[in-house]
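Novice: 3D model of this:
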Amino acid sequence: MSYFISKKGRFWTMMVVILLTFTSGILAFQVKTNYDMATYLPQDSNTKQGIEILKNTFGNHTSIELVVDGWTVNEVMDLKQDIQTIEHVYGVVWLDDYVDLATVPIDFVPADVKAPFYRDGKSKLMIEFDLDGYDTRLDEVISSIRALSTEHLYMRGEVLNNLESHRVASEQLFLIMAIIVPLCIIIMVFASKSYMEALLILITLGIAIVLNLGTNLILGSVSFITMTMSTALQLAMSLDYTLFLLHRYHEYSDLPTTERVKMAVKKSFVSITVSSLTTIFGFIALCFMSYGIGLDMGLVLAKGILLSYLSTIIVLPILLVLCHAWIEKTTHKVWMPSFKRFSQGIYKARFYLIGLFILIGFGSFMVQKEANYLYQNTGHATSTIASDQAFIETDFGPFNPLVLLIHGDDVQRELGLVTELLDNEHVLSISALVTVVDPTVPRDFIPIEVRSQFIRDGYSRIILYTDLSKESPAFFEFNDFVVSKTNSFFEEAYYVGVIPATSDIKNLILSDTALVLWLSIGLVALVIGLAFKSIVIPILLVLIIESSIWFNIAINVWTSTEILYVGYLIILSIQLGATIDYAVLLTSRFQEERKNHSHQEAFQTALQKSLPSILISALILSFAGFTEALVSDMDAIQDIGIMLGRGTLFSWLFSVGFVLPLISVILNLKKKPR
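Specialist: Alright, predicted model coming up:
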């Protein structure tokens with residue numbers, strides 16, 4: 001530390017930091033955002049293999065449904081012709097492909113033929129594109145289709161959700177930061193002793209954030225969930241490191257500037273290091289998930305916290321030395337209360353609080369087991385996409401295709417499979433060679449342009465259209481049914497679509513739960529145990545924060561709220577790794593004060609001295625979570641944001657209300673004052 005804050009050390013350190021920050025700022029724009037959650041499935045998963053086979057045999061085609069209301073037959077046919085002229089439109093299917101509407105009035109078309117394409121004056125067209133469902137060029141294609149009519153065109157399909165995710169992630173990242181940063185400044189100004197401190201904190205953490213964004217390039221791409229949340233989370237979760245150091249800095253105001261900074265770093269070093277390591281290890285636990293989204297988010301956030309830690313112990317001390325005169329000139333009244341009466345009340349009620357903790361902890365643990373989860377990103381909470389889907393579903397039902405890729409060309413077995421699949425109540429229709437062409441016709445006699453749509457390179461493609469679009473027990477039972485039936489007819493088969501992908505993700509995530517939970521607990525407890533040289537302290541601190549997590553999950557049970565399961569796993573790591581800092585700070589401060597004060601004095605002083613830092617950090621982290629939830633239109637981000645905001649407040653309450661009472665009573669530190 002002496003070198004970094006020396007005149008020569010300050011110069012060269014800041015030159016290196018500025019160069020790295022500038023370079024990272026440029027590289028950050030080269031990092032790609034991934035919106036396809038299926039890419040995070042293991043290479044040996046059935047869905048991942050099926051996607052590759054489908055891509056290499058039948059191409060990267062994707063489709064949407066388009067509905068118009070009150071249009072005449074001729075108007076719909078003209079629209080169909082116009083759509084077919086748009087680049088990347090592979091084909092458009094409507095009722096006129098099955099019936100000559102020039103000679104047969106639409107009212108005379110058999111109901112079973114007409115129903116999939118025309119109902120109550122509404123016409124539905126199927127549009128297929130020659131691009132992958134995550135290709136951003138489709139945004140321009142969709143816009144070109146909408147431009148063909150002045151009337152509203154209702155559309156639905158997975159590609160629309162993908163494009164909306166791309167738009168939301170790119171736009172709302174800046175909106176979220178535009179809200180969080182000013183509020184952080186306001187909170188820090190109220191809680192600090194100098195207006196300059198807020199600026200120094202933002203510079204310190206801003207450098208770390210830019211470095212993290214730029215170094216994401218080593219990953220090639222990051223998920224849209226990670227990209228949308230990581231910046232705000234890094235700022236909010238690492239803010240307390242700077243606060244720990246600054247509050248210590250003000251405790252040594254009687255020392256010369258350099259000595260003052262050295263003492264501040266020395267006294268806060270253990271708390272900052274332990275706090276950062278617990279958070280880092282909490283995220284590292286995510287990296288061991290079989291489902292690759294854990295590695296994606298775990299690496300980005302762990303790297304971000306590490307960079308924030310380094311920036312806090314290297315850059316912030318230099319800034320304090322350089323700007324100490326400005327800090328003194330911009331001092332103001334501290335608007336934070338003393339918390340003296342609050343600490344006295346907590347001390348008097350400590351035994352009752354311990355009993356309350358046991359009651360809440362045990363009750364929450366039992367209730368949280370009943371939580372209901374979702375396993376895929378469920379879409380967008382508020383958008384035209386949701387209203388369009390609801391409009392179309394009213395007349396035409398859900399739209400959820402499932403592609404079967406079967407290795408082999410056996411007409412009788414394929415016919416038998418299709419027949420049994422059609423018996424399922426959730427199968428609306430099936431598109432296969434045996435349903436398009438009479439199975440008795442030898443396949444060598446079938447035109448190549450027809451046959452190639454269903455059979456290529458030894459694989460047969462069967463497309464099921466099901467009325468199941470939302471996750472439910474029936475949703476997963478249907479996937480099991482399709483797999484079971486297919487396996488009874490064919491030895492090798494692959495499944496592509498939302499239903500099989502969600503089922504694969506569910507199985508992977510459930511298998512990851514115990515690993516993530518126990519690994520994060522073990523790593524965090526190990527860091528705390530080594531720091532405090534104790535076995536009891538890490539057990540108590542982890543138990544208290546885990547209880548706040550259980551309480552957070554239990555709220556979802558009491559409110560009958562379904563949450564994204566991957567969000568739950570992420571919250572496990574974030575809430576444990578980030579908010580255990582509060583418990584660590586309280587405990588370390590209590591042990592320090594106990595060396596020179598009585599039990600009661602140490603208790604109350606530790607609480608009074610620690611509460612400002614803990615309260616500011618909790619308010620900002622909680623605000624960051626709630627801002628993510630309020631601003632984002634994506635259900636996945638909303639789930640994580642709400643649970644993060646709520647969980648941080650619970651962790652703050654549990655830490656303040658239960659950590660010191662439990663630690664002080666159980667450990668019963670009886671060291672005499674000197």
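Novice: Spatially nearest residue to the residue most central in space within the chain (excluding sequence neighbours)?
Specialist: Nearest to the geometric centre of the chain sits Ile225, at 4.2 Å (C-alpha atoms, centre = their mean). In this structure, Ile225 finds its nearest non-sequential neighbour in Ala636, 5.7 Å apart by C-beta to C-beta, 6 or more residues apart in numbering. C-beta here means a position set from N, CA and C on the backbone, and glycine is covered the same way.
Novice: Give me the buried positions along the helix or strand the one you found falls within.
Specialist: Applying DSSP states H and E as the criterion places Ala636 in helix 635-654. Of the residues in helix 635-654, those buried by neighbour count under the rule 16 or more other C-beta atoms under 10 Å are 635-652, 654.
Novice: And the pLDDT at the residue nearest to the centre of the chain?
Specialist: pLDDT recorded at Ile225 is 77.
Novice: Wasn't it part of a helix?
Specialist: Yes - counting by DSSP: H, G, I helix; E, B strand; the rest coil, Ile225 is located in a helix.
Novice: Next up, the contacts around it.
Specialist: 293, 297, 377, 636-637, 640 (C-beta atoms under 8 Å, 6 or more residues apart in numbering).
Novice: hang on, isn't the residue nearest to Ile225 packed against Gly567?
Specialist: Yes - assessed by C-beta atoms under 8 Å, Ala636 is found in contact with Gly567 at 6.3 Å.
Novice: which residues does Lys122 contact?
Specialist: Lys122 neighbours (C-beta under 8 Å, 6+ apart): 67-70, 395-396.
Novice: Tell me where the stretch 201-350 of the chain has helices.
Specialist: With DSSP state H, counting those that start in this stretch as the criterion, the stretch 201-350 of the chain has helices at 224-251, 257-286, 293-310, 316-322, 324-329, 340-348, 350-368.
Novice: Would you mind finding the most buried of those helices?
Specialist: helix 224-251 (a mean of 25; mean count of other C-beta atoms under 10 Å).
Novice: Can you get me the centre-to-centre distance for it and its chain?
Specialist: 19 Å (C-alpha atoms, centre = their mean, to the nearest Å).
Novice: same check, this time on stretch 441-457
Specialist: 44 Å.
Novice: so how far does that stretch reach from one end to the other?
Specialist: Taking C-alpha to C-alpha, to the nearest Å, the first and last residues of stretch 441-457 lie 21 Å apart.
Novice: Show the average pLDDT along it.
Specialist: Mean predicted lDDT for stretch 441-457 stands at 84.
Novice: Determine which of the helices of the stretch 201-350 of the chain approaches Ser24 most closely.
Specialist: helix 293-310 (9.6 Å; C-beta to C-beta).
Novice: what's in contact with that closest one?
Specialist: 34, 37, 40, 205, 208-209, 211-212, 215-216, 219, 222-223, 225-226, 230, 233-234, 237-238, 241, 272-273, 276, 279-280, 283-289, 512, 516, 566, 569-570, 573-574.
Novice: Looking at the contacts of Lys122, which are in helices?
Specialist: 395-396 (DSSP state H).
Novice: Among the contacts of Lys122, the buried ones, what's the ChimeraX command?
Specialist: Command for ChimeraX, covering only those of the contacts of Lys122 found buried under the criterion 16+ other C-beta under 10 Å:
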select :67,68,396
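Novice: Can you tell me which of the contacts of Lys122 is nearest Leu316?
Specialist: Val67 (57.6 Å).
Novice: which non-adjacent residue is nearest Thr648?
Specialist: Ser622 (4.1 Å).
Novice: Now name the helix or strand holding the one you found.
Specialist: Using DSSP H and E, the element containing Ser622 is helix 599-631.
Novice: Just the angle for that helix relative to helix 350-368, thanks.
Specialist: 30 degrees (axes from the mean of the first three to the mean of the last three C-alpha atoms, to 10 degrees).
Novice: If you count neighbours, what's buried in helix 599-631?
Specialist: Neighbour count says helix 599-631 has 599, 602-629, 631 buried, by 16+ other C-beta under 10 Å.
Novice: other SSEs contacting it?
Specialist: helix 158-191, helix 224-251, helix 340-348, helix 565-594, helix 635-654, helix 660-667 (3 or more C-beta pairs under 8 Å, 6 or more residues apart in numbering; DSSP states H and E).
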